[in-house]
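A.B. asks: Show me the folded form of this:
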Amino acid sequence: MKVALSTVVWPHNLFGRAYLFTILPFHRFGARTILANALSAGRI
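C.D. replies: Residues are numbered from 1 along each chain as shown. Here you go, the predicted model:
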């Protein structure tokens, strides 16, 4: 089974771009972990 998760973000200024650049690796890790846990628990 394949599951796709998408997040759409449009930063509006330099602070938003810097924040997104900083948080993106953690967001990816967290999303993968949540999906893996849901899969192993049989929720998806």
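
A.B. asks: what sits against T22?
C.D. replies: If a contact means C-beta atoms under 8 Å, 6 or more residues apart in numbering, then T22 has no contacts. For glycine as for every other residue, the C-beta is placed from the backbone atoms N, C-alpha and C.

A.B. asks: Helix, strand, or coil at it?
C.D. replies: Counting by DSSP: H, G, I helix; E, B strand; the rest coil, the backbone at T22 sits in helix.

A.B. asks: So, low pLDDT: which residues of the protein?
C.D. replies: 1 (pLDDT under 70).

A.B. asks: what about the strands in it?
C.D. replies: With DSSP state E as the criterion, the chain has no strands.

A.B. asks: quick one, helices of this structure?
C.D. replies: Assigned helices in the chain, in chain order: 14-40 (criterion: DSSP state H).

A.B. asks: tell me which residues in stretch 9-16 are buried?
C.D. replies: Buried residues in stretch 9-16, counted by 16 or more other C-beta atoms under 10 Å: none are found.
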